[in-house]
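# I'll drop the sequence and a predicted model, then ask my questions.
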Amino acid sequence: MKNLKTIDNKTKLILALVLIAIGVSGRLLPHLWNFTPIIAIALFAGVYMGKKYAVFLPLTIMLIGDIFIGFDHLAITISIYGSIALAGLLAYGLRRYKSFRVVAGITVASSIMFFLITNAAVWVFSPLYTPNFSGLMQSYVMGIPFFRNSLIGNLFYTGILFGVYELATFRSRYKTGLVAKNINF
């Protein structure tokens with residue numbers, strides 16, 4: 001079965017446009033804070049579409065969304081965008097080891113990384129917290145509800161994206177005879 005690396009660029013472009021539409025909608029439509037598909041899209045693109053897509057897709061989604069939502073302090077925005085790009089690159093680096101455990105682990109690790117980096121950036125670049133260790137810890141404590149939503153959202157959307165793709169490729173292999181036909185759908 002061909003994976004997305006062997007599929008033509010036109011198909012990748014169509015998939016990228018669909019993922020951008022999903023991601024922008026996920027940011028602009030009402031949702032729980034940080035319960036969005038952005039990191040899931042970065043992880044999916046890293047595993048199935050390649051390094052350029054792993055960075056380009058989520059950052060494009062963020063940029064389009066921020067045009068409508070508004071931009072944060074530049075340094076905080078850079079920490080947000082950088083954390084998301086880093087998640088995509090992490091997935092790209094681990095794509096050869098793709099399994100349920102690896103994907104779940106990358107999802108959790110990306111959520112934690114995003115939480116640690118972005119809350120540290122808020123501590124450093126905003127006047128909300130005192131510039132000492134206590135202020136940093138307060139920033140992390142105040143971010144816990146956002147982390148919970150982010151982690152649940154990342155697991156949810158990653159499960160959907162990877163699950164739908166894997167089911168579609170399995171069904172395709174089944175129809176072409178590459179999988180035993182004694183399995184019913």
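Cool, got the structure. Numbers count the residues shown, from 1 in each chain.
# Quick one: mean pLDDT for the strand or helix carrying Ser83?
Counting by DSSP states H and E, the secondary-structure element that holds Ser83 is helix 74-93. Helix 74-93 shows a mean pLDDT of 97 in the predicted model.
# just stretch 11-30 next, same as before
The average pLDDT for stretch 11-30 rounds to 94.
# buried stuff in that stretch?
Using 16 or more other Cβ atoms under 10 Å as the burial criterion, the residues of stretch 11-30 that qualify are 12, 15-16, 19-20, 22-24, 26-27. Where C-beta positions appear, they are placed from N, C-alpha and C, glycine not excepted.
# now swap in stretch 34-42 and tell me
34-42.
# Show me the two of those that sit farthest apart.
Taking every pair in those and measuring Cβ to Cβ, the maximum separation is 15.5 Å, between Phe35 and Ala42.
# And for Arg171, the neighbour number?
One way to gauge burial is a neighbour count; for Arg171, by other Cβ atoms under 10 Å, it gives 12.
# repeat for Asn132
Asn132 has 10 neighbours, counted by other Cβ under 10 Å.
# Name the nearest residue to Met113, sequence neighbours excluded.
Ser83 (6.0 Å; Cβ to Cβ, 6 or more residues apart in numbering).
# ok now do Phe156, which residues does it touch?
Counting by Cβ atoms under 8 Å, 6 or more residues apart in numbering, Phe156 makes contact with 35, 40.
# quick one: which helix or strand includes it?
Using DSSP H and E, the secondary-structure element containing Phe156 is helix 133-175.
# Leu57 against Ala21, yeah?
No. In terms of Cβ atoms under 8 Å, Leu57 does not count as a neighbour of Ala21; the distance is 11.1 Å.
# how about the host helix or strand of Phe68: buried residues?
Secondary structure assignment for Phe68, by DSSP H and E: helix 51-69. Neighbour-count burial for helix 51-69, with 16+ other Cβ under 10 Å as criterion, is recorded at 53-62, 64-65.
# Ramachandran coordinates for Ile41?
According to degrees, to the nearest 10, the main-chain angles of Ile41 amount to phi -70, psi -40.
# Isn't it up against Ala21?
No. Under the criterion of Cβ under 8 Å, Ile41 makes no contact with Ala21, lying 10.8 Å away.
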